[in-house]
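> Give me coordinates for this.
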Amino acid sequence: MKALLAHSLPELIGQTPVLKVPSLSQLSGCEILIKCEYFNPGGSIKDRAAWQMVQEALASGALKPGMTIVEGTAGNTGIGLAIAAKAAGCKMRVVMPRGQALEKERMIALHGAELTLVDAVPFANPNHFYHTARRIAEENPQTYWWANQFENLANFRAHYQGTGPEIWAQTEGRLDALVSAAGTGGTIGGCSAYLKEQNAQIEVVLADPEGSGLCHYVRTGEFKTSGSSITEGIGIMRLVQNFAQARVDSALTITDQALVDVAAYVREHDALILGSSSALNLAAALETAQRLGPGHRLLTFACDLGERSYSKLYSPEFLSSKGLIFEPKRLESRFA
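Modelled structure (predicted):
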């Protein structure tokens, strides 16, 4: 439980509320719940993994006060690590691919982190943001500690020890399905492992954007994909340690138009302003609710602040350039 009087920002991480989404619950006949992770101090679910990774690194001696944390990220983990770094007496350097939402770049700067922008290139390219961050740490081991969020199992433990138990308590153990996208796999890995231990009948559904190979991997054991998505930091084309812990029963690919439809609908009916990854999650939860039928209870994640998607998801010019339509009534036609 959060302290009534916190003495540092990381003490405010976790114990986020769960909201029943009125409009989508009514449409589907199911209880569709979202865990509101934008209540974390850095505005996203990534605060949990960031703080856990830093705490474990400090405890092991791998990270010491005065050192600089370096990490490759699409943005939210960098913000969370910048907050954790300040609390630990460290500096922060964020390596980020160009083309992410400007709102994330601004928040990283506001938190005092150094931002290194690199070209958005395939993972096999040595200049990929992941390899760039690793190389910086390897070349300066006395100065830098690499967080390595994809392979660092402190990420998994943040959700196995924190988020998963919170969900179980908040739903009073009444849950039919957990729906989650995967960026590093820490959230779905930790939460699914914990919740399956409590009730093996809970269905764990992976929500995947176009351009990611995880859905195909879950179904066939092979990474294969096509297309691309407006989402940021979601989807993987390789098996990483955190996702390897996930206990996934099924997977589905969500189109950009489907997530835009959900974002438009809940903004109109529920005053919910979702980020693109949150809209992806909620669109997948709605599709899963339709498959399961009325009377079921599902939970997914509002991963971050919707304001961080303002320049993309809520920009008519940007959406038009991608052939997407932001119109609340589009979703209703599926239930007519």
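> Burial check on the nearest residue to residue 241 once chain neighbours are set aside, number of neighbours?
Computed as CB to CB, 6 or more residues apart in numbering, the closest residue to residue 241 that is not its neighbour in sequence is residue 151, at 4.6 Å. Heads up, the C-betas are built off the backbone N, CA and C, glycines and all. When neighbours are counted by other CB atoms under 10 Å, residue 151 registers 16.
> List the contacts of residue 151.
Contact analysis of residue 151 by CB atoms under 8 Å, 6 or more residues apart in numbering lists 240-242.
> Redo those as JSON lines? Include neighbour count, distance to residue 130 and pLDDT.
Converted to JSON lines, these look like this (neighbours: other CB atoms under 10 Å; distance: CB to CB, whole Å; pLDDT from 0 to 100):
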{"residue": "240", "neighbour count": "20", "distance to residue 130": "10", "pLDDT": "95"}
{"residue": "241", "neighbour count": "17", "distance to residue 130": "13", "pLDDT": "96"}
{"residue": "242", "neighbour count": "29", "distance to residue 130": "13", "pLDDT": "97"}
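> Just the residues you listed: which are in strands?
Among these, no residue falls in strands (DSSP state E).
> So which residue is dead centre in this protein?
residue 303 (5.0 Å; CA atoms, centre = their mean).
> ok, now how distant is that residue from residue 45?
5 Å (CB to CB, to the nearest Å).
> quick one: common contacting residues for those two?
With CB under 8 Å, 6+ apart, residue 303 and residue 45 have common neighbours 37, 76.
> Now the helix or strand residue 32 falls within: average pLDDT?
According to DSSP states H and E, residue 32 maps onto strand 31-36. In this model, strand 31-36 has a mean pLDDT of 98.
> buried stuff in it?
31-36 (16 or more other CB atoms under 10 Å).
> okay, these in TSV with distance to residue 181 next?
Converted to TSV, these look like this (distance: CB to CB, whole Å):
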residue	distance to residue 181
31	20
32	16
33	16
34	13
35	13
36	16
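> if we can go back for a sec, return the list of helices and strands in contact with the strand holding residue 32.
Applying 3 or more CB pairs under 8 Å, 6 or more residues apart in numbering; DSSP states H and E, one finds that strand 31-36 contacts strand 18-20, helix 22-28, helix 164-170, helix 276-292, strand 297-302.
> then the fourth one to PDB, C-alphas only?
Once non-C-alpha atoms are left out, helix 276-292 reads as follows in PDB (Å, rounded to 0.1, in the frame of the first residue of the first chain):
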ATOM      1  CA  SER A 276      -2.100   4.300 -28.400                       C
ATOM      2  CA  SER A 277      -0.800   1.200 -26.500                       C
ATOM      3  CA  SER A 278      -3.800   1.500 -24.000                       C
ATOM      4  CA  ALA A 279      -6.200   1.800 -27.000                       C
ATOM      5  CA  LEU A 280      -4.600  -1.300 -28.400                       C
ATOM      6  CA  ASN A 281      -5.200  -3.200 -25.100                       C
ATOM      7  CA  LEU A 282      -8.700  -2.000 -24.800                       C
ATOM      8  CA  ALA A 283      -9.600  -2.900 -28.400                       C
ATOM      9  CA  ALA A 284      -8.200  -6.400 -27.800                       C
ATOM     10  CA  ALA A 285     -10.200  -6.700 -24.600                       C
ATOM     11  CA  LEU A 286     -13.400  -5.800 -26.500                       C
ATOM     12  CA  GLU A 287     -12.700  -8.300 -29.200                       C
ATOM     13  CA  THR A 288     -12.000 -11.000 -26.500                       C
ATOM     14  CA  ALA A 289     -15.200 -10.100 -24.700                       C
ATOM     15  CA  GLN A 290     -17.100 -10.500 -28.000                       C
ATOM     16  CA  ARG A 291     -15.600 -14.000 -28.400                       C
ATOM     17  CA  LEU A 292     -16.200 -15.100 -24.800                       C
END
